[in-house]
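Enquirer: Model the structure of this input:
(chains A and B)
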Amino acid sequence: MKKRILLVEDDQYLLKIYSNKLTQNGFDVDIAITVDEAVRKFTHARPHLIFLDLILPGRNGFDFLEDLKKMQKGKKRTPVVILSNLGQDIDKKRTQDLGVADYFIKANVSLHDIVNKAKELTS
Amino acid sequence: MDQKKKIRSLSRKKEEERREQFISIISHQLRTPLSIVRGYLEALEDEDMGKFTGGQKEYLAGARQINANMIDLVNRYLDVLSKDSASIKVHTEKFSLSEFLQDIAKNFSSYAKATNVEFALHLPKKDTQITSDPQLLRNAINNIIQNSIKYTIGSGTITLTVHAGDINVSISISDTGIGIPKNQHDQVFTKFFRGKNIIHRSIAGSGLGLYIAREYITALHGKIGFTSEEGRGTEVTITLPLH
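Expert: Now for the predicted structure:
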């Protein structure tokens, strides 16, 4: 069975690049452009992994992490990997406190790194 | 706390928040287009969109390298904006210096080979354990080695040598590159410094590598210095406390 990934990203170009690469590598990729859409999709079909951008239209990635924390209280948590071009210590610390599995700065990470991380966290 | 102190503290806090917001905005705006170009080029190089000829692959690799240089430049500017040695957060741990430097040398091996530079590592027979921040130290050493490779034009040798004492350890990175003009030695660790002897050689650089290295080494309570002779090479030495 294919592993499901929820990709939360508002940039149309990156959405296409990342979803194509993950799909080619055998993942079932669902996409969300806003936090509200991500919450709906998460609730409808819980993914095995979430790649999450932080700057999104309207509510941001930090808000989604807060939502996830509430939705998964007392349950097994879906791993979240931040995929953002923010990279200050304060951003990393904030997401770490909200329980993310890893933090990637988009400009510094290759498509292969993203695929490998997806394989590692869904195996 | 009296009223004046409260106002000063609030004003510093606001200033810090403004700086963080400014860095967030430029991180996002500068890195995003570079991430998109990176993604497209990597997908093309992986031949996700079909096969390429050798010549086309060479052009793609060239474009990817230029994009990587731009990403590196943006990262360095962001580093300078976000940190000075007084505000750098240091996370120390105890680690094997030999293993750490072997890993750095391994990471540089293919880059050095591609630029016809030999990389030699001279470590003491007995391993040295050091308590320091491996990430900051790695960034500082990487900056120095990148400069050494960049300015060892044509071919040459880069040697990384370690001398361990009871209290301190010194790590020297020497190259057989173009060296730094004597009348510019006092500017080497300043922001945006570039040697006069490279201006006409079209070597890309930000002039921030050694500045950042010094900020990191200072944050680690270490010292950094250098000797250089134009046309013969440069040796940068870092001295760090072992504990």
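Enquirer: So which residues of chain B form helices?
Expert: If you assign secondary structure with DSSP state H, the helices in chain B sit at B:3-45, B:54-82, B:97-114, B:134-150, B:209-219.
Enquirer: could you redo the ones you listed as JSON lines and give each row mean neighbour count and distance to B:His185?
Expert: Just so you know, the C-beta spots here come from the backbone N, C-alpha and C atoms, and that holds for glycine as well. As requested, these are exported to JSON lines (neighbours: other CB atoms under 10 Å in any protein chain shown; distance: least, CB to CB, whole Å):
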{"stretch": "helix B:3-45", "mean neighbour count": "15", "distance to B:His185": "32"}
{"stretch": "helix B:54-82", "mean neighbour count": "15", "distance to B:His185": "22"}
{"stretch": "helix B:97-114", "mean neighbour count": "15", "distance to B:His185": "26"}
{"stretch": "helix B:134-150", "mean neighbour count": "20", "distance to B:His185": "15"}
{"stretch": "helix B:209-219", "mean neighbour count": "22", "distance to B:His185": "12"}
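Enquirer: Tell me which of the ones you listed approaches A:Phe104 most closely.
Expert: Taking CB to CB as the measure, those were each checked against A:Phe104, and helix B:3-45 came out nearest at 10.3 Å.
Enquirer: and the spatially most central residue of chain A, what does it touch?
Expert: The structure's chain A has its C-alpha centroid closest to A:Phe51; by CA atoms, centre = their mean the separation is 1.6 Å. Applying CB atoms under 8 Å, 6 or more residues apart in numbering or on different chains to A:Phe51 gives the contacts A:5-9, A:18, A:80-81, A:83, A:114, A:118.
Enquirer: do that again at 7 Å, thanks
Expert: By CB atoms under 7 Å, 6 or more residues apart in numbering or on different chains, the contact list for A:Phe51 reads A:5, A:7-8, A:18, A:81, A:83.
Enquirer: Next step: the residues you listed restricted to strands.
Expert: Taking DSSP state E as the definition of strands, those contribute A:5, A:7-8, A:81, A:83.
Enquirer: Quick check, pLDDT for B:Asp127.
Expert: Here the pLDDT value assigned to B:Asp127 is 92.
Enquirer: wait, I meant B:Arg8
Expert: pLDDT, B:Arg8: 77.
Enquirer: partners of the residue nearest to the centre of chain A in the sheet?
Expert: A:Leu7, A:Val81 (DSSP bridges).
Enquirer: So if we follow the domain assignment, how does chain B break up?
Expert: Chain B is divided into the following domains under automatic domain parsing: B:3-82, B:93-241.
Enquirer: closest to A:Gln96 out of the ones you listed?
Expert: With CB to CB as the measure, domain B:93-241 is the member of the domains of chain B nearest A:Gln96 (15.1 Å).
Enquirer: Show the end-to-end separation of the closest one, please.
Expert: The straight-line separation of the ends of domain B:93-241 (CA to CA, to the nearest Å) is 13 Å.
Enquirer: Check whether it comes into contact with chain A.
Expert: No. Using CB under 7 Å from any CB of the partner chain, domain B:93-241 stays clear of chain A, coming no nearer than 11.2 Å.
Enquirer: now that domain, how far from the centre of its chain.
Expert: Taking CA atoms, centre = their mean, to the nearest Å, one finds domain B:93-241 lying 9 Å from the centre of the chain it belongs to.
Enquirer: quick one: the nearest residue to B:Glu99 once chain neighbours are set aside from chain A, how far?
Expert: The spatially closest residue to B:Glu99, leaving aside those adjacent along the chain, is B:Asp127, at 7.6 Å (CB to CB, 6 or more residues apart in numbering or on different chains). Taking CB to the nearest CB, to the nearest Å as the measure, B:Asp127 and chain A are separated by 30 Å.
Enquirer: Before I go, just wanted to say thanks for your time.
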